[in-house]
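Novice: this one's sequence-less:
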C-alpha cells in the first residue's frame, strides 16, 4: 500500500521514512492551510470600508501571551520531530555486523561494484532481499553519491576515505541507482540498476557469475599482497621489523601517539597510502607509501585479504581473543 | 484610491533632475542615485540568469536532453546559480531598496560613507565583469556550490575567473554592510530610537551583520580553491593530502547565512507593506525585531544541515538538525505576526499588498518544506533532489523576489515621483504567482519521487512533471516582463504621485517625491513609534469616505 505520489517503498527504511514524511506533510498542510484561512478571513472581514468592529484591539499583555504561545507550541512540535527523524537517521548510519559486505568504487562516470565472493559488476548491483546489505564506498576521483530512491537512502562517496551505508531490500525488483552528487560532464549518465532478488535467484546469480570458478576478492588480494611486495616485510621477514597482519582486522591497535584505533577498512586504507599518519606503537615509520602505486580496486582486495586472514587466524587458533 | 497629489509638494528640483550629465550619475555620491545604478545592473543580471533558466527548462522537456550537450547544460545551471545568487539576489533588496531607503527612513541626508557606497557599486561591477568574462570565454561547469575536488582539480572550465568575480563581488557586500551598520548607528534623526526604527531597517541591520561576518569566509574559501587549482597546494583534494569535506564546511558557513542575506531584507519589506496596507501597527514589533537578530545569529550555526549525507559525523548531523529546527522559530514568529497585523486593520488590496500576501503564502510553503529537510531521515531521501530545488526556489524566488517586486511597486512613487498602472500591476502579480507555482510545485513531487538535481538526462517516468514545470516558465516570464515594461513606461509617463500616495507612516513619505538631493531640508524630529496608523486622522473615521471604493 503506497501513497500514489510516493515512489516504491522497497526497503526496511522506506515505510519509516514515508511515515515521517506523510506525518510532516499532514502537519504542515494543516498549519499552512490554517494560516491561509486566517489571512483570507482577516482580508475579507477587515477590508477597508467593511462594517467590522475595530475597537478593543488586543492589549499589550494579551499580545505577549499570544507571542509566547506561538513560540513555545511550535518548539515542542519541532523537538518531537527532531527526535523521531533523528532516530531513524541514527540507525541508517550505524551498520550492522552481520551484513553482506559489498565494495563500491565510484569514478567519473561509472559505479564499480565488488562482491566479497569475487563477482564484479559495473553500474549494476545484485543483492538478495531480506538481508542486510552493507556497502563500503570510496571514489577514485571527485565526490559522488550512491542514491537509491526506492530504498530512501543515499550517501556521498568521497575520495580518500570509506563511507558506509546499509539497507535491507524487502521486495524483488529492479530499482534506479543514481549518482546524487554533481560530478562533472556525464553526472546524469552515472546511473545504473539495483537488482533485488529472492535468495534462490541470488544464489543462482552468484553461481552463474563465477562463484567457485573465479577468484574471490580475498584471493585477488592475496595475489596483490605478494605482487606489490607487501609480503616481503609483513610475512615472517627477519630483516625488517613489520607487524604480521594475521588476525589484525577489526582489532584495537595502540599507536605511538598513545591513541588506540580500530583496524577497520579506513585504517588499513590509510596505512597503505599514508603509513606515516598512524604509526603503531613499537614500530618504526619505515613503510613506504603506496600512493599512486595501487588502484582503489587493489586496495579493496588487499583489505579483503587481510580480513580473510582474520578468519583464518581464528580458525588456526580458536583461543585467540 | 489615493489622496490627490498636493501640487505644492511636487518637487521641481529633485535628485533625478538636479544634474543631468552622464558623469553626474557615474560619480554621484547620492545614495538614491547609487540605488538606481544598482537597479539597472541587477536587472541586467536577472535577465541573464533568467535566460539560462529558460533554456534549462526547455531542455528538460525531453528526458534524453537533445538540445544541448551535457557540458553546456552543466554550464547553464552554474551560470544561473552564480548570477542569481551573487549578482541578483544578494544585492537586490539591500543595494537597491536599502540604499535608497535607509537614510530616508532614519532621517539622514545620506549614508555614513557616501564615497564607499559608490565604490561598492564599482567593485560590484568589476566582479560582474569577471563573471561575464568567465561566461563568455567558455563558462564554468562546477555548479554554484563549487564542490571540491571537482572544482579545484577536475573541472576543465574557467573556475578561477569566476571565483575571482565572486571574490571581488564579496567586497562590495562587505562595504555595503559596513556602511549600513555605521549609518544606522550614527545617523538616526533625533528621537529615532532603536525601537522606533522601521522593521525594514532592522532587517537590513541584521543582514549587514551577516555581510560583514560571513562574506570574508567566502573569500577565504575561494582563495583556497584557487590556490589548489592554480598551484597544486593540497587543501581539498585527498590525492595531495587535502580534505574534500573541509570545503563544504567553509562554503556553507558562508552560504547558509547568505540564504538569510537574501530573505531577511525581504521580510523587512513585507513588514512595511503589511502595516501600510492593513493600516495597522505591526503586531508584536519587538518580537519581530528580535526574530531578525535571532535569524542572523542562528543562521551561523546550521551550515551542517547541507551535509547530512556527506559523511560528516552522525552526531554532528543530529546537532545541526536540532539547530535547524530552532532557526525556523523566528521565521514562524514573523509569519504569525504579519497575519495578526491584518487583524482589525483596514485593508486595501493594492499591488504591493498582493505581493506581500503572495510572499507569505510561498514563504510559508518554503519554510514548511524546510522543516521536512531538517528532519534527518527525510533529508537523506530528498537532499540533492528536485525537492531541495523546489524548496529553495520557494524561499528565494517565491519569497525574496516577490518581496523585492512588492517593495519596488510600493516605493516606486517615491523613487520616480509617478504612479504605476494599478490594474495592470495587479494582474502581473497574479500571473507571477500562478506561473511560479506552476513552475516550481511539480518539483516537490519530482524530488520525492527521486529525481536528482543537476540531471541533464533523466528517466522517462519523470517527464510529465518536468513538462508541467516547463509550461509554467513562460507564465512566470510574463509575470516578470510585465512590471519591467510598465514600470519603465510609468517612470516617464505615469501620473504624478505626490509625496505620500499611500498615506503611509515613515519618514521617507514625509519628503517630496522624488526627494531632493539630500532628502530632508530640515532633519526631522521623531516623536512616535513607527507604524502609528492608529494616530492618523483616518483612524478616527475622517478619511473613511474618500478611501471607499
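Specialist: Right, received. Where do you want to start? Remember, predicted model here, so these are calculated numbers, not experimental data. Residues are numbered from 1 along each chain as shown, chains lettered A, B, ... in the order given.
Novice: The residue nearest the centre of chain A: what's it in contact with?
Specialist: When chain A is reduced to its mean C-alpha position, the nearest residue by C-alpha atoms, centre = their mean turns out to be residue A:165, at 2.1 Å. Shown here is residue A:165, whose contacts under the criterion C-beta atoms under 8 Å, 6 or more residues apart in numbering or on different chains are A:92, A:93, A:95, A:134, A:135, A:137, A:146, A:153, A:154, A:155. C-beta coordinates here come from the backbone N, C-alpha and C atoms, glycine included.
Novice: Can you confirm whether the helix or strand containing the fourth one lies near chain B?
Specialist: In other words, residue A:134. Taking DSSP states H and E as the definition, residue A:134 sits inside strand A:133-139. No - Strand A:133-139 stays clear of chain B (C-beta under 8 Å from any C-beta of the partner chain), getting no nearer than 9.1 Å.
Novice: which strands and helices sit next to that strand?
Specialist: Taking 3 or more C-beta pairs under 8 Å, 6 or more residues apart in numbering or on different chains; DSSP states H and E as contact, the helices and strands that strand A:133-139 lies on are strand A:100-107, strand A:153-157, strand A:163-167, helix A:296-316.
Novice: Most tightly packed of those?
Specialist: Here the criterion is mean neighbour count by mean count of other C-beta atoms under 10 Å in any protein chain shown, and of the helices and strands packed on strand A:133-139 the winner is strand A:153-157, at a mean of 27.
Novice: Sketch out the strands for chain B, chain order is fine.
Specialist: Taking DSSP state E to define them, one finds no strands in chain B.
Novice: returning to what we had before: and the angle from the strand holding residue A:134 to helix A:296-316?
Specialist: Between the axes of strand A:133-139 and helix A:296-316, defined by axes from the mean of the first three to the mean of the last three C-alpha atoms, to 10 degrees, the angle is 140 degrees.
Novice: and the residue nearest to the centre of chain A, bridged to which residues?
Specialist: Beta bridges link residue A:165 to residue A:135 when assigned by DSSP bridges.
Novice: what about burial for the contacts of residue A:165, which qualify?
Specialist: When neighbours are counted using 16 or more other C-beta atoms under 10 Å in any protein chain shown, the contacts of residue A:165 contain these buried positions: A:92, A:93, A:95, A:134, A:135, A:137, A:146, A:153, A:154, A:155.
Novice: ok, now which ones touch the second one?
Specialist: In this case it means residue A:93. Contacts for residue A:93 (C-beta under 8 Å, 6+ apart) come out as A:155, A:164, A:165, B:314.
Novice: One more pass at 10 Å, please.
Specialist: With contacts defined as C-beta atoms under 10 Å, 6 or more residues apart in numbering or on different chains, residue A:93 is in contact with A:153, A:155, A:163-166, B:308-309, B:311, B:313-314, B:317, B:376, B:380.
Novice: tell me the mean pLDDT for stretch B:297-312?
Specialist: Per-residue confidence for stretch B:297-312 averages out to 94 on the pLDDT scale.
Novice: In that stretch, which residues are buried?
Specialist: If you call a residue buried by 16+ other C-beta under 10 Å, then stretch B:297-312 has these buried ones: B:297-312.
Novice: per-residue confidence at the closest residue to residue B:310 other than its chain neighbours?
Specialist: In space, residue B:310 comes closest to residue A:156 once its chain neighbours are excluded; the distance is 4.8 Å by C-beta to C-beta, 6 or more residues apart in numbering or on different chains. As predicted, residue A:156 sits at a pLDDT of 96.
Novice: hang on, isn't residue A:156 packed against residue A:164?
Specialist: No - if you go by C-beta atoms under 10 Å, residue A:156 and residue A:164 don't touch, sitting 11.6 Å apart.
Novice: what residues are shared contacts of those two?
Specialist: Any residue near both residue A:156 and residue A:164 by C-beta under 10 Å, 6+ apart counts here, and that gives A:137, B:311.
Novice: Minimum distance to chain A, which residue of the stretch 51-200 of chain B gives it?
Specialist: residue B:150 (4.2 Å; C-beta to the nearest C-beta).
Novice: That residue - how many residues pack around it?
Specialist: For residue B:150, the count of nearby residues is 27 (other C-beta atoms under 10 Å in any protein chain shown).
Novice: again, but for the one 4 residues further on
Specialist: Residue B:154 is flanked by 17 other residues according to other C-beta under 10 Å.
Novice: tell me the strands in the stretch 51-200 of chain A, going along the chain?
Specialist: Using DSSP state E, counting those that start in this stretch, the strands assigned to the stretch 51-200 of chain A run over residues A:100-107, A:110-115, A:120-122, A:124-128, A:133-139, A:144-148, A:153-157, A:163-167, A:173-179, A:192-197.
Novice: Take the buried ones among the contacts of residue A:165 and write them to JSON lines, including distance to residue B:480.
Specialist: Below are those laid out as JSON lines (distance: C-beta to C-beta, whole Å):
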{"residue": "A:92", "distance to residue B:480": "41"}
{"residue": "A:93", "distance to residue B:480": "43"}
{"residue": "A:95", "distance to residue B:480": "49"}
{"residue": "A:134", "distance to residue B:480": "50"}
{"residue": "A:135", "distance to residue B:480": "45"}
{"residue": "A:137", "distance to residue B:480": "43"}
{"residue": "A:146", "distance to residue B:480": "39"}
{"residue": "A:153", "distance to residue B:480": "39"}
{"residue": "A:154", "distance to residue B:480": "34"}
{"residue": "A:155", "distance to residue B:480": "39"}
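Novice: What is the nearest of these to residue A:175?
Specialist: residue A:153 (10.9 Å; C-beta to C-beta).
Novice: What pLDDT is listed against that closest one?
Specialist: Reading off the model, residue A:153 has pLDDT 91.
Novice: so what's it closest to, chain neighbours aside?
Specialist: Going by C-beta to C-beta, 6+ apart, residue A:153 has residue A:167 as its nearest residue, at 5.1 Å.
Novice: what's near enough to touch that neighbour?
Specialist: For residue A:167, counting by C-beta under 10 Å, 6+ apart, the contacting residues are A:10-14, A:92, A:95, A:99, A:127, A:132-135, A:148, A:151-153, A:194.
Novice: ok, now residue B:228?
Specialist: Residues touching residue B:228, when contacts are defined by C-beta under 10 Å, 6+ apart, comprise B:148, B:149, B:151, B:152, B:153, B:234, B:235, B:236, B:237, B:240, B:242, B:247.
Novice: Return the item of those having minimum pLDDT.
Specialist: Checking pLDDT across the contacts of residue B:228, the minimum falls on residue B:240 at 87.
Novice: coming back round to it: narrow the buried residues of stretch B:297-312 to those in helices?
Specialist: B:297, B:298 (DSSP state H).
Novice: Hmm, residue A:268 is touching residue A:307, no?
Specialist: Yes - taking C-beta under 10 Å as the definition, residue A:268 is a contact partner of residue A:307 at 8.7 Å.
Novice: list residues touching both of those two?
Specialist: With contacts defined as C-beta under 10 Å, 6+ apart, the residues shared by residue A:268 and residue A:307 are A:248, A:249.
Novice: can you give me the helices in the stretch 251-400 of chain B?
Specialist: Counting by DSSP state H, counting those that start in this stretch, residue ranges of the helices within the stretch 251-400 of chain B are B:285-298, B:314-342, B:351-374, B:376-382, B:386-393.
Novice: any idea which of those is most buried?
Specialist: Scoring the helices of the stretch 251-400 of chain B by how many neighbours each averages, mean count of other C-beta under 10 Å, gives helix B:376-382 as the top one, at a mean of 26.
Novice: Compile the helices and strands packed on strand A:133-139 into JSON lines and extend it with columns for distance to residue B:216.
Specialist: Compiled in JSON lines, the helices and strands packed on strand A:133-139 are given as follows (distance: least, C-beta to C-beta, whole Å):
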{"stretch": "strand A:100-107", "distance to residue B:216": "34"}
{"stretch": "strand A:153-157", "distance to residue B:216": "27"}
{"stretch": "strand A:163-167", "distance to residue B:216": "31"}
{"stretch": "helix A:296-316", "distance to residue B:216": "37"}
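Novice: Switch the helices of the stretch 251-400 of chain B over to JSON lines; also include distance to chain A.
Specialist: Shown next, in JSON lines, are those (distance: least, C-beta to the nearest C-beta, whole Å):
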{"stretch": "helix B:285-298", "distance to chain A": "5"}
{"stretch": "helix B:314-342", "distance to chain A": "4"}
{"stretch": "helix B:351-374", "distance to chain A": "4"}
{"stretch": "helix B:376-382", "distance to chain A": "3"}
{"stretch": "helix B:386-393", "distance to chain A": "10"}
